[in-house]
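**Student:** just the structure for this:
(chains A and B)
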Amino acid sequence: MSRFTIGIDLGTTNCALAWIDTATDELTENFAVECLAIPQVVRPGGVEERWLLPSFLYLPMPGELPAGSLQLPWDAHRDYAVGEFARQQGALIPTRLVSSAKSWLVHPGVDRRSPILPWQAPEGVRRVSPVEASSRYLQHLIEAWNYKQTTRYPGQRFEEQDVVLTVPASFDASARELTVEAARAAGIERLTLLEEPQAAFYSWLHSHADWRKQVRVGDVILVCDVGGGTTDFTLIAVGEEAGNLILERVAVGDHILLGGDNMDLALAHHVQQKFARQGIRLDFGQFRQLAQACRLAKEKLFTDSQLTSYPVTVLGRGSRVVGGTLTSELSQDELRQVLLEGFFPIVDFADEPRRGASLGLQEIGLPYATDAAITRHLASFLRRHQPALSERCQAAGRKSAAFPTAVLFNGGVFKAPPLVARLVEVLNHWAQSLGAPPVRMLHGTDLDLAVARGAACYGLVRRGRGIRIRGGIARAYYIGVAVNLPAVPGMPPPIKAICVAPFGMEEGTEADVPGHEFGLVVGQPVQFRFFGSSTRRKDSIGTVLEYWDENELQELDPLEVTLQAPDQRGQIIPVHLHSHVTPVGTLELWCLGCEPQHRWKLEFNVRQNSEAG
Amino acid sequence: METWLAIAGTGFVALVLGFLLGWYIRGQRAAQAEKATGPSPEAIRLLALMQREGRLVDFLLEPIDNYSDAQIGAAVREIHRKCSQVLQQTLVLDRVLPHEEGQLVEVAAGFDPSAIRLIGAVSGQPPFRGTLKHPGWRVRDVRLPPGPVGQDPWVLMPAEVEIA
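**Tutor:** Purely as a prediction, here's the structure:
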């Protein structure tokens, strides 16, 4: 076992790293979790330490910046930037900026291993793949560790440590696989994945030694994690087994591309419109300044409710700094209108997220949420998981409606008390309408760093120190098999779905998929359609679905396998399927023949490659 | 209107202070390196930071006579906030005397006249007793990061060209 356990939050907009030194802590639950101050370029030639590493990659053209501008204490010849300066410079030259790489990892329909970022960059611009970009953020964290920590702890290189890397609970099997690929490319071998909302909950457990007094058997805790770019919901149930409390993750939400950055952008657009009414048009750099000024105004207004408004100033471009200065202001009312009513409106429990025309607060390419109302997404999540909720309520002997009993917030967005208050208000409005008791709020996690800290804690939990949240995989997975029916022109051939990995299948377990044999031709690629469901909780391995609701099963990347058996080219080999949830936390599917050497792994397909090939 | 002027005033004092400290550092370095000929670019680095973050040079060189106080006030609020951050990140400042302004202080014999300036009806021999009018500033540490190796040290602010 390594001396340290390291937790990494590989966020859509910020990364963080936390660690626990197992050599110094006592055998209690109160071990110290420390965070790494991450050296990064913050201006040309200037390196400073920050707790967060902005997940931005800037790829300058040769000669664009003075030599040595991007050098790091450990690399004098770096020709790209990761972190704060990348974000700043990229705001001025967006065609060379890679952002939201993590959201591209989960984007179906693009080849995530090919250099597609910066998205729609003009000819001649350097590009990287989403996997490569993620890998460079991790690489930076590893280098920062090795640069700083090995002087303090000689010989304790990053590569020697156990690492827990967090992913959104909504990541499907292929996005998890790609994350592992990025980590391996960066040199992380001793790796485990953990869902981010679970990590936030581990951090809460760690900072509350008396947590057993704060939750009860029968509680269902909603973890509401709103990051810079994504929103992630999870339900964790408190149960009892042989007199001990147990924790179980019972449901996760879908991937919602909506977060704090969208809120800052919405504010900036709001003030930009005020300028536009005065006939003032802002250029690129001014809009960036405006967004920063709006963020500052937001923080001031949210922390001091006595303030009625706060000035928003954009200094003049060119050398006429005073003469060209533009001023406006943001009032409490406007702030509330844009953020509370725009992102956290009071809606009914039955409200559906709106689909259709998207909002003016997104960049091209990614499938951003078209409804900015986080409360509607939350209502939809809670409705979809009613069966899981009522199961828990019945098990606890509660007669009231199926609704969470407590909520834990995570993400920098919730530093604003009015947003927390509003979300609690909405939850309690729903609870009341359903006849459920009000929701309790669990307090006291570090909103920016809880995920990294919780991940480091989970590293110890894996060594048997502290309670483990049970859960297994968050989705059931199915492969599609064509039904032998005559084809109807213009209609896709009907398929049935066979469950190959049931909801909750535990890490480190494997199983044969019973009852189905396939004859595959050696040497020819075979594709399987692949589906996931976060709501079908009862299907077991081998269950066959003839019909399903469109909302129940989402089609994922296809799976592909080419049977390689040089001596048997052209033959048909009977195989059956075998699934394995690895200890790392990824799903592997295998085709197994009768002979021991006949093992072929199904790969998550890359659509563009298959078209080209 | 008075408040705007007050803001402009305090901002301006802070800015000029930063400017002077830049020259102070330059003097220190120049004294250390006697061989150095010509002006030293050291002061430029602090000024360049103030310009990069807070547009200080643009502000000081812009004729502002014809702008309204409100217009100046709005700009100064921003310039002050950003330059003040740079100042506090780059220089560690101490008070020369720890007392509050307005307190009675005693100046002992053998005081350093570069650190304490006596004003008013100064006569007789130390120790002197008087009212502290300004507690002074002393630089304890300079955390001015070196610029990138390829940076022309005489460029305060690069020209900006937007490609359409």
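
**Student:** need the longest helix for chain A.
**Tutor:** helix A:130-152 (DSSP state H).

**Student:** may I see the buried residues of it?
**Tutor:** A:130-145, A:148-149 (16 or more other C-beta atoms under 10 Å in any protein chain shown). C-betas here are computed from N, CA, C, even on glycine.

**Student:** how about the strands of the stretch 151-300 of chain A, start to end?
**Tutor:** Along the stretch 151-300 of chain A, the stretches classed as strands by DSSP state E, counting those that start in this stretch are A:162-167, A:191-195, A:220-226, A:231-241, A:244-252.

**Student:** so who does A:Asp264 touch?
**Tutor:** A:291, A:294-295, A:298 (C-beta atoms under 8 Å, 6 or more residues apart in numbering or on different chains).

**Student:** check what pLDDT it gets.
**Tutor:** For A:Asp264, the pLDDT comes out at 88.

**Student:** so where's chain B shaky on pLDDT?
**Tutor:** Counting by pLDDT under 70, chain B shows low-confidence ranges at B:1-38.

**Student:** now the strands for it?
**Tutor:** Per DSSP state E, chain B carries strands over the ranges B:91-94, B:104-107, B:128-131, B:138-142.

**Student:** circling back to that earlier point, can I get the contacts of A:Asp264 in JSON lines with distance to chain B, neighbour count and pLDDT?
**Tutor:** Putting the contacts of A:Asp264 into JSON lines (distance: C-beta to the nearest C-beta, whole Å; neighbours: other C-beta atoms under 10 Å in any protein chain shown; pLDDT from 0 to 100) gives the following:
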{"residue": "A:Ala291", "distance to chain B": "14", "neighbour count": "20", "pLDDT": "88"}
{"residue": "A:Cys294", "distance to chain B": "13", "neighbour count": "26", "pLDDT": "92"}
{"residue": "A:Arg295", "distance to chain B": "13", "neighbour count": "17", "pLDDT": "89"}
{"residue": "A:Lys298", "distance to chain B": "16", "neighbour count": "21", "pLDDT": "92"}
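
**Student:** could you dump those to JSON lines with distance to A:Pro502?
**Tutor:** Shown next, in JSON lines, are these (distance: C-beta to C-beta, whole Å):
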{"residue": "A:Ala291", "distance to A:Pro502": "45"}
{"residue": "A:Cys294", "distance to A:Pro502": "47"}
{"residue": "A:Arg295", "distance to A:Pro502": "44"}
{"residue": "A:Lys298", "distance to A:Pro502": "44"}
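
**Student:** tell me how far stretch A:77-96 lies from the chain's centre.
**Tutor:** Chain-centre distance of stretch A:77-96: 22 Å, with C-alpha atoms, centre = their mean, to the nearest Å.

**Student:** average pLDDT for it?
**Tutor:** 92.

**Student:** on that earlier part again, closest one to A:Leu70 among the strands of the stretch 151-300 of chain A?
**Tutor:** strand A:162-167 (25.5 Å; C-beta to C-beta).

**Student:** any regions of the stretch 251-400 of chain A where pLDDT drops low?
**Tutor:** A:356-365, A:399-400.

**Student:** residues from it in reach of chain B?
**Tutor:** Within the stretch 251-400 of chain A, the positions adjacent to chain B are A:283-284, A:293, A:311, A:313, A:315-316, A:319-323, A:325, A:327 by C-beta under 8 Å from any C-beta of the partner chain.

**Student:** mind listing which of those are in helices?
**Tutor:** Those of those lying in helices (DSSP H): A:284, A:293.

**Student:** okay, and which of the residues of the stretch 251-400 of chain A next to chain B map to strands?
**Tutor:** Going by DSSP E, the strands hold A:311, A:313, A:327 from these.

**Student:** can you give me the distance of A:Phe531 to chain B?
**Tutor:** 46 Å (C-beta to the nearest C-beta, to the nearest Å).

**Student:** hang on, A:Ser309 packs against A:Ser328?
**Tutor:** No - taking C-beta atoms under 8 Å as the definition, A:Ser309 is not a contact partner of A:Ser328, at 9.8 Å.
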